[in-house]
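Asks: Next input, structure requested:
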Amino acid sequence: MNIYVLLKRTFDTEEKISVSDGRIEDEGAEYIINPYDEYAVEEAINQRDKHGGEVTVVTVGDEEAEKQLRTALAMGADQAVLINTEDDLEDGDQVTTTKILESYFNDKEPELILAGNVAIDEASGQVGPRLAERLGINYVTTITGLEIDGSTASIERDVEGDVEKAEADLPLLVTCQQGLNDPRYPSLPGIMKAKKKPLDELELDDLDLDEEDVEAKTETIDIFLPPEKEAGRILEGDIDEQVSELVSLLKDEAKVL
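Replies: Residues are numbered from 1 along each chain as shown. Below is the predicted model of the structure:
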């Protein structure tokens, strides 16, 4: 089975993030595999172990993303591809990424493509479905269960706290949600093996693309951190007094009533 994983390098939201002049300060940011993409990597490995084949992890970014690709290889992926846009693109968006990936998959025959449900930096959830549409294959989002029998996939997906069951034919693209599996930690032997696994690097020229072909359709006007939360307030008095004060605060201060 030809299995591919779409992986994104994102900053770690649990670390302190600094923003200056509407841009994230890279020097102070810690970068990781997008956490939802870890579910995709783990599921790809599980499906390969059940059905055979190879797992290829693909990312669009700069040379720094090699670290995250090596981590995916250490988890158990077979090979990785870095589509390096550092010298060709200054800015991009979901349309840019989709167009690049579409060109990459033009001469491939994927049976299963997995991606994270969303990326924690932008959380658009657009790249997976956009790519499936461009490739003309089936897709199902926010999956929490996947079983493949022949050319048919039985899927469970998260729908507002409930579970929806569906079936789809391969080739298929799915986006992965928390609850699908428990991503493994790279073992020391896995880390050592990852150093010898193939990691190919491509550029836009290799995909017969020019910068104009992948021009962003959106523009980021500003990036800023949310305001710091104010300290909570304890309401005093009996229940009637507390309710009265709460209503007054919601109406006069919060202005939500």
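Asks: ok, then the element right after the lengthiest strand in the chain?
Replies: Criterion DSSP state E: the longest strand present in the chain is strand 138-149. Under the assignment DSSP states H and E, the closest C-terminal helix or strand after strand 138-149 is strand 152-159.
Asks: Quickly run through the sheet partners of that next one, with directions.
Replies: According to DSSP bridges, strand 152-159 forms sheet pairs with strand 138-149 (antiparallel), strand 162-169 (antiparallel).
Asks: Residue 1: which of the ones you listed is closest?
Replies: strand 138-149 (8.0 Å; Cβ to Cβ). No exception for glycine: its C-beta is placed from N, CA and C like everyone else's.
Asks: Please spell out which residues along that closest one are buried.
Replies: 138, 139, 140, 141, 142, 143, 144, 145, 146, 148 (16 or more other Cβ atoms under 10 Å).
Asks: again with stretch 217-232
Replies: Here stretch 217-232 shows no buried residue, counting by 16+ other Cβ under 10 Å.
Asks: First-to-last residue distance for that stretch?
Replies: 42 Å (Cα to Cα, to the nearest Å).
Asks: Distance from it to the middle of the chain?
Replies: Distance of stretch 217-232 from the chain centroid (Cα atoms, centre = their mean, to the nearest Å) equals 21 Å.
Asks: same check, this time on stretch 42-61
Replies: On Cα atoms, centre = their mean, the centre of stretch 42-61 falls 15 Å from the chain's centre.
Asks: what's the average pLDDT for it?
Replies: Averaged across stretch 42-61, pLDDT comes to 96.
Asks: one step back: can I get the strands paired with strand 152-159 in a markdown table with mean pLDDT?
Replies: Below are the strands paired with strand 152-159 laid out as a markdown table (pLDDT from 0 to 100):
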| stretch | mean pLDDT |
| --- | --- |
| strand 138-149 | 95 |
| strand 162-169 | 93 |
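Asks: name the helices or strands packed onto the helix or strand harbouring residue 193?
Replies: Using DSSP H and E, residue 193 sits within helix 188-194. Secondary-structure packing of helix 188-194 (3 or more Cβ pairs under 8 Å, 6 or more residues apart in numbering; DSSP states H and E): helix 66-75.
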